[in-house]
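[1] Fold the following.
(one chain, ligands or ions: 2)
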Amino acid sequence: MSKPDIELTAQNKCSFCAPSTCCTYITQPFDTPRSKEDFDYLLWQVSHEGVQAFKDPEGWYLRILSRCTHLRPNGDCGIYDKRPQICRDHSNDWCEYDIDVRDEYELFFDSFESLEAYCRKRFKRWDERFQE
Ligand code: SF4
Ligand code: SF4
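    Ligands and ions are numbered 1, 2, ... in the order given. Next comes the predicted model:
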């Protein structure tokens, strides 16, 4: 995302953020995957368009790209006074505008191929999982 050549403040920052990135996905925690079966299941999930997985210090999450239905074309929230708590808690002080999610997490997978490469490193006999 290209950044404007002016000083960004909490007041003006969101107006430069199209398409209001923080309103275009949801996350869902899931139990730490440990077995080949767990990772094989995750492979199926990230094979779907818009489904990603990441690990941060708090654990593993699915990241599902899906634009909020309340996000207006101009970037405003259509239910601002009634928006859920998680939206109220989100600060633009250091947010999705400032980071590349690929660099932000300990692990990040956005495709079958990226997760499969990780599985091959993690499990010696990854290819034999269907015979076991
Ligand atoms: S809080 Fe961050 S990600 Fe969300 S609209 Fe503002 S600048 Fe964009
Ligand atoms: S409810 Fe409003 S603030 Fe929350 S994700 Fe949707 S558009 Fe964004």
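[2] any idea where the strands of this protein begin and end?
    Assigned by DSSP state E, the chain shows strands spanning 25-30, 51-56, 59-65, 107-109.
[3] For ligand 1, find the nearest of those.
    Closest of those to ligand 1 is strand 25-30, at 10.3 Å (criterion: C-beta to the nearest ligand atom). Just so you know, the C-beta spots here come from the backbone N, C-alpha and C atoms, and that holds for glycine as well.
[4] check contacts around the residue lying closest to A10 once chain neighbours are set aside.
    Spatial nearest neighbour of A10, excluding adjacent residues (C-beta to C-beta, 6 or more residues apart in numbering): N92 at 5.9 Å. The contact partners of N92, by C-beta atoms under 8 Å, 6 or more residues apart in numbering, come to 10, 13-14, 22.
[5] Buried among those? Make that a PyMOL selection.
    The following PyMOL line selects those of the contacts of N92 that are buried, judged by 16 or more other C-beta atoms under 10 Å:
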select buried, resi 13+14+22
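[6] tell me, which of the contacts of N92 make contact with ligand 1?
    Among the contacts of N92, the ones lying near ligand 1 by C-beta under 6 Å from any ligand atom are 13-14, 22.
[7] Could you single out the nearest of the contacts of N92 to R125?
    Among the contacts of N92, C22 lies closest to R125 (C-beta to C-beta), at 40.9 Å.
[8] Generate a markdown table for the strands of the chain, with mean pLDDT as supplementary columns.
    Listed next are the strands of the chain as a markdown table, based on pLDDT from 0 to 100:
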| stretch | mean pLDDT |
| --- | --- |
| strand 25-30 | 98 |
| strand 51-56 | 97 |
| strand 59-65 | 98 |
| strand 107-109 | 97 |
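[9] Take the ones you listed and lay them out in JSON lines including distance to A117 and mean neighbour count.
    Shown next, in JSON lines, are those (distance: least, C-beta to C-beta, whole Å; neighbours: other C-beta atoms under 10 Å):
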{"stretch": "strand 25-30", "distance to A117": "20", "mean neighbour count": "12"}
{"stretch": "strand 51-56", "distance to A117": "13", "mean neighbour count": "18"}
{"stretch": "strand 59-65", "distance to A117": "17", "mean neighbour count": "16"}
{"stretch": "strand 107-109", "distance to A117": "9", "mean neighbour count": "19"}
